[in-house]
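S.K.: I need the structure of the sequence given here:
(chains A and B)
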Amino acid sequence: MSHPTPGDLLLLHFGEVEGERARVALSTHLARCPRCGVALAELEALERALAPGATDAPPLDGLDRVLRRVEGMRPARARRDRGRRAAGRGRRAAGVVLPSLVAAMGAGVAVHLGGLGAALALFAAGALVTLALAPVLVLESQRRSS
Amino acid sequence: MDATATLSLPMLPALAGALDEPVPSVGSLAPLATHSDRALLERVSHGDQDAFTVLYRRYARPVFGVLLRMAGQRALAEEWLQEAFTRVWLGAESHDPSRGEVKPWIYTIALNTARTELGRKRHRTPHVSIDDLGLELPSDGAAEISGRLDAARQSAVVAEALRELPDFMREVVILRCSRELSFAEISEVTGAPQGTLKSRFHRAVAALRQTVARRQGVGR
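M.R.: Got it, this is the predicted structure:
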């Protein structure tokens, strides 16, 4: 076997050679070839020199520091979720308040004019207006929240 | 290959055991410890701090090791680690599972942080020579101690030689020697093809060999 390429030696050293046959062939060559053995020993030495040491531990308060820093900062999706929830609450509130308001106005006008029939007619008109506007309001809030 | 100038560096035995300490997992975090990275990141994107804590504990140490070698200074690496994980928290949603796993994504953030900060601070960072590290051998030192000091000095020689390499070479050596990422994953992180990465690694080793031989020659 001719000398493996530097790339093959790297893959062998880091255990990334694909296929058992290729790995055995490379290992067999290395066992007999002083030149390639030196190259591999060099890689091992480099890796040992860069091996993690006791001082490589992250600071003990590292997580606390990050958590303190991100406190009040919410991930993008969480910010949007929050916005959607707020928009949903707004829509629900509008759905309750608006018809109530129209109904109250209708009742007020009816009381002013007098007569049960007028009161009922105004109340019905108010309810119809609210129902007609509801889809428009909902669509508008969805557009704003997205 | 020139066999006269090789990297010959002993391991630091006193430090090896420090890597095996278990990751503490207590209370409400225990059920999350078994979650996949993706599941954790999904929860983080909704603002789940417990999931973020588990993810941090899973990756802080190896990422810090890489940042420390990139920075060459502990204080700087701590700062970058904090910045990188802040970006993980804020950008959790931007991870696209169809484009890769969480681990390379986190390393990409860390590497980008290091690149940005290095570019910003390089001209301000004081250079500390290994001659200023106080690693002289004691005249009556016991074999074990002198061996340890020698290893520390040699590691410092390599670390300093590594800092002389161009960024694109240094990155691949540090990332691959961390044993956390394969060449395929480093390709994801750096955006460079695997063949290019292997070539850079090989060239980096050749450059390191020359620098170390020069420094060791000077030291004798």
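S.K.: show me the shaky parts of the chain.
M.R.: I went with chain A, as the question did not name one. Low-confidence segments of chain A, defined by pLDDT under 70: A:1, A:76-96, A:98-99, A:103, A:106-107, A:110-111, A:113, A:142-146.
S.K.: hm, I was asking about chain B
M.R.: Residues of chain B meeting the criterion pLDDT under 70: B:1-27, B:121-150, B:217-220.
S.K.: tell me the contacts of the spatially most central residue of it?
M.R.: With distances taken as CA atoms, centre = their mean, the residue of chain B nearest its centroid is residue B:66 (1.2 Å). By CB atoms under 8 Å, 6 or more residues apart in numbering or on different chains, the contact list for residue B:66 reads B:107, B:110-111, B:114, B:174-175, B:178, B:180. Glycine gets a C-beta too; all of them are placed from N, C-alpha and C.
S.K.: next, the buried residues of stretch B:100-108.
M.R.: B:102-108 (16 or more other CB atoms under 10 Å in any protein chain shown).
S.K.: is chain A within reach of it?
M.R.: No - using CB under 8 Å from any CB of the partner chain, stretch B:100-108 stays clear of chain A, coming no nearer than 13.0 Å.
S.K.: sorry, back to before: closest to chain A out of the buried residues of stretch B:100-108?
M.R.: Chain A lies nearest to residue B:106 out of the buried residues of stretch B:100-108, by CB to the nearest CB, at 13.0 Å.
S.K.: nearest spatial neighbour of residue A:74, chain-adjacent residues omitted?
M.R.: residue B:47 (5.2 Å; CB to CB, 6 or more residues apart in numbering or on different chains).
S.K.: does the one you found touch residue A:73 like I think?
M.R.: No - counting by CB atoms under 8 Å, residue B:47 sits too far from residue A:73 to count as a contact (9.6 Å).
S.K.: out of the two, which sits in the busier spot?
M.R.: Ranked by neighbour count (other CB atoms under 10 Å in any protein chain shown), residue B:47 and residue A:73 place residue B:47 first, with 19 against 12.
S.K.: can you tell me the element residue 39 falls in?
M.R.: Picking chain A for this. Using DSSP states H and E, the element containing residue A:39 is helix A:34-49.
S.K.: looking at chain B here, not the other one
M.R.: Here residue B:39, judged by DSSP H and E, is contained in helix B:37-45.
S.K.: would that helix count as contacting chain A?
M.R.: Yes - between helix B:37-45 and chain A, judged by CB under 8 Å from any CB, the touching residues are B:44-45.
S.K.: go on, stretch B:176-191?
M.R.: Yes - Stretch B:176-191 is in contact with chain A by CB under 8 Å from any CB, via B:176-179, B:182-183.
S.K.: ok, and the most crowded of these?
M.R.: Counting neighbours by other CB under 10 Å, residue B:176 comes out on top of the residues of stretch B:176-191 next to chain A with 26 neighbours.
S.K.: please identify the helix or strand for that one.
M.R.: Residue B:176 belongs to helix B:167-177, assigned by DSSP H and E.
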